[in-house]
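# Can you look at this prediction? I've put the sequence above it.
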Amino acid sequence: MPYALTVKKIEGKPGSVYYPLQIKQVPRPTPGPNEVLVKITAAALNHRDLFIRRHLYPGISFENPLLSDAYGVVVEAGPGASTALLHKPVILTPTRGWESDPNGPEDPARFTVVGGSRLHPAGAAQQFIAVPESELELAPDHLTPAEGAALPLVGLTAWRALVTKSAAAFPGANLLITGIGGGVALQALQFAVALGCRVFVTSGDSAKIDRARALGAIAGVSYRSPSWDKDLRALLPADRPFLDAVIDGAGGDVVTRAVRLLRPGGVISQYGMTVAPKMDWLMQAVLNNIELRGSTMGSRAEFKAMVDFVRQHKIRPVVSRRVQGLTNLDAIDGLFKDMSEGKQFGKLVIEIDSPDSASKL
């Protein structure tokens with residue numbers, strides 16, 4: 001029987017508990033009407049998976065498989081489903097319940113990210129999954145399975161934060177992307193470079209700034225510096241000595257810093273707040289007509305547009321580290337440790353065994 005990876009419930013308070021991983025055997029799914037069966041080849045971690053293990057995420061399931069990101073091959077078509085994708089590599093959509101409204105989910109109560117959620121049974125950390133064929137995109141030919149698995153949720157989040165929300169996805173725009181090294185930040189960097197933007201980055205690690213420059217960033221500064229905003233201002237080009245937008249997933253004092261750098265009417269596109277769940281909004285930002293725009297994941301239409309852009313521009317998502325085998329719990333725990341300690345530069349990927357592979361339980 002195939003395997004699925006879940007978390008095991010133990011006693012503990014949110015934030016202090018750390019749910020252990022567990023493997024369980026599950027029946028091989030049978031695709032229903034308009035569904036296809038996908039054999040998952042690779043799956044990837046996101047920060048939400050770490051938050052789930054710490055009980056810092058809503059609606060946790062201890063039965064449904066973890067992980068939102070998957071790359072696989074269609075191996076069977078159910079009744080009414082097209083056979084066009086049969087034996088083709090595909091990328092699965094990481095969310096459900098948001099079709100195309102650029103403002104947000106059509107019915108927020110129906111929107112969810114898949115993986116370890118009570119709101120939807122789907123999850124990437126399993127060897128086979130039956131899904132509606134409408135929840136698949138043909139994988140770009142240039143991607144490896146690990147790169148394909150690295151793309152879905154961070155790609156969707158970065159695409160919406162940059163293209164839909166920032167008003168600065170155009171050649172020559174000056175962008176600041178904070179916290180480079182995380183999956184969303186790196187994907188936003190790759191998209192922005194392909195669009196012709198001039199990208200600046202922050203990180204607490206100079207080596208990560210150097211690697212970002214190798215990917216096309218103009219320059220970067222350390223957010224550990226008490227004057228990083230002044231340091232960045234000195235790096236801005238003379239012909240455009242301001243930022244058009246900031247793509248931020250940290251929060252904290254980003255408004256205080258960014259208001260000194262953004263042009264009047266500039267945008268802070270906020271896709272996360274890892275420093276704290278709230279931050280200050282300054283009168284100076286009001287006087288400068290700065291806009292703060294929240295950005296969460298994205299729609300099915302945005303997902304398709306993002307995958308098409310990756311295909312067109314031959315973008316390769318950055319994979320930080322990969323491990324072999326869904327049942328290799330020690331190695332998978334090592335990926336979570338990398339994420340917890342902020343060691344990764346790019347995505348953390350599990351390359352999944354076939355169902356008859358030897359277990360490493």
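Cool, the structure landed. Residues are numbered from 1 along each chain as shown.
# okay but Asn288 is in contact with Val259, surely?
Yes. At 6.1 Å, Asn288 and Val259 qualify as touching, with contact defined as CB atoms under 8 Å. In short, each C-beta sits where N, CA and C put it, glycine included.
# what about the two, which has more around it?
Set Asn288 next to Val259 and count neighbours by other CB atoms under 10 Å: Val259 wins out with 21 against 16.
# what's near enough to touch the more buried one?
Leu282, Gln284, Ala285, Asn288, Ile290 (CB atoms under 8 Å, 6 or more residues apart in numbering).
# ditto for Leu235
Contacts for Leu235 were tallied using CB under 8 Å, 6+ apart; they are Phe200, Ile218, Ala219, Val221.
# Spell out which strands sit alongside the host helix or strand of the last one in the sheet and which way each one runs.
If I follow you right, that is Val221. Applying DSSP states H and E as the criterion places Val221 in strand 219-222. Paired neighbours of strand 219-222 in the sheet (DSSP bridges): strand 198-203 (parallel).
# Convert the helix or strand of the chain with the lowest mean pLDDT to CSV, retaining C-alpha atoms only.
In the chain, no helix or strand scores lower on mean pLDDT, DSSP states H and E than helix 254-258, which sits at a mean of 93. Output of helix 254-258 as CSV, limited to C-alpha atoms (Å, rounded to 0.1, in the frame of the first residue of the first chain):
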residue,chain,number,x,y,z
VAL,A,254,9.3,47.8,7.5
VAL,A,255,7.0,50.8,7.2
THR,A,256,9.4,53.0,9.3
ARG,A,257,12.3,52.0,7.0
ALA,A,258,10.5,51.9,3.7
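# Now do the buried residues in it.
Val254, Val255, Arg257, Ala258 (16 or more other CB atoms under 10 Å).
# which residue sits closest to the third one in space, ignoring its chain neighbours?
Read it as Arg257. Residue nearest to Arg257 in three dimensions, not counting chain neighbours: Asp229, with 4.2 Å by CB to CB, 6 or more residues apart in numbering.
# for the first one, same thing?
The spatially closest residue to Val254, leaving aside those adjacent along the chain, is Asp248, at 5.0 Å (CB to CB, 6+ apart).
# give the contact list for that neighbour.
Leu176, Thr178, Gly179, Val254, Ala258, Ile268, Ser269, Gln270, Tyr271, Gly272.
# can you check Trp98 too?
Counting by CB under 8 Å, 6+ apart, the residues that Trp98 touches are Gly104, Pro105, Glu106, Phe111, Met297, Gly298, Ser299, Arg300.
# Just the closest of the residues you listed to Leu85, please.
Nearest to Leu85 among those is Arg300, at 16.4 Å by CB to CB.
# which phi and psi does the nearest residue to the closest one once chain neighbours are set aside have?
Nearest residue to Arg300, sequence neighbours excluded (CB to CB, 6+ apart): Glu99, at 5.3 Å. The phi/psi pair for Glu99 (degrees, to the nearest 10) reads phi -90, psi -60.
# Is Glu99 in contact with Ala301, as I believe?
Yes. Judged on CB under 8 Å, Glu99 makes contact with Ala301 at a distance of 6.7 Å.
# thinking again about what came up before, distance to Gly334 added to the buried residues of helix 254-258, as a markdown table?
Output for those, formatted as a markdown table (distance: CB to CB, whole Å):
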| residue | distance to Gly334 |
| --- | --- |
| Val254 | 31 |
| Val255 | 36 |
| Arg257 | 34 |
| Ala258 | 35 |
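# May I ask which two of these are separated the most?
The widest separation within the buried residues of helix 254-258 (CB to CB) is 7.4 Å, between Val255 and Arg257.
# Check the gap between the nearest residue to Ala305 once chain neighbours are set aside and Ile177 for me.
Distances taken as CB to CB, 6+ apart place Trp159 nearest to Ala305, at 6.9 Å, with adjacent residues excluded. Per CB to CB, to the nearest Å, Trp159 is found 13 Å from Ile177.
# quick one, which of these two is more surrounded?
Ranked by neighbour count (other CB under 10 Å), Trp159 and Ile177 place Ile177 first, with 31 against 26.
# For the more buried one, give the beta-bridge partners.
Where Ile177 sits in a bridge, its partners, by DSSP bridges, are Val201, Ile247.
# pretty sure it contacts Arg198?
No. Counting by CB under 8 Å, Ile177 stays clear of Arg198, with 11.3 Å between them.
# domains of this structure?
Under the assignment automatic domain parsing, the domains of the chain span 3-153+317-351, 166-294.
# would you list these in CSV and tack on distance to Val310?
Putting the domains of the chain into CSV (distance: least, CB to CB, whole Å) gives the following:
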stretch, distance to Val310
domain 3-153+317-351, 6
domain 166-294, 9
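# ranking the contacts of Val259 by neighbours, who comes first?
Most neighbours among the contacts of Val259, by other CB under 10 Å: Ile290, with 21 neighbours.
# residues in contact with it?
Contacts of Ile290 by CB under 8 Å, 6+ apart are Val255, Ala258, Val259, Leu262, Pro264, Gly265, Gly266, Val267, Ile268.
# Figure out the helix or strand that the closest residue in space to Asn289 that isn't next to it in sequence lives in.
Leaving aside its chain neighbours, Asn289 sits nearest to Gly265 (4.6 Å; criterion: CB to CB, 6+ apart). Per DSSP H and E: Gly265 is located in strand 262-270.
# which residues in the stretch 51-200 of the chain form helices?
Along the stretch 51-200 of the chain, the segments classed as helices by DSSP state H, counting those that start in this stretch run 145-150, 152-159, 183-195.
# which residues sit against the shortest one?
Residues outside helix 145-150 that contact it (CB under 8 Å, 6+ apart) are 41-44, 69-71, 89, 91, 124, 139-140, 183, 316-319, 322, 346-347, 349-351.
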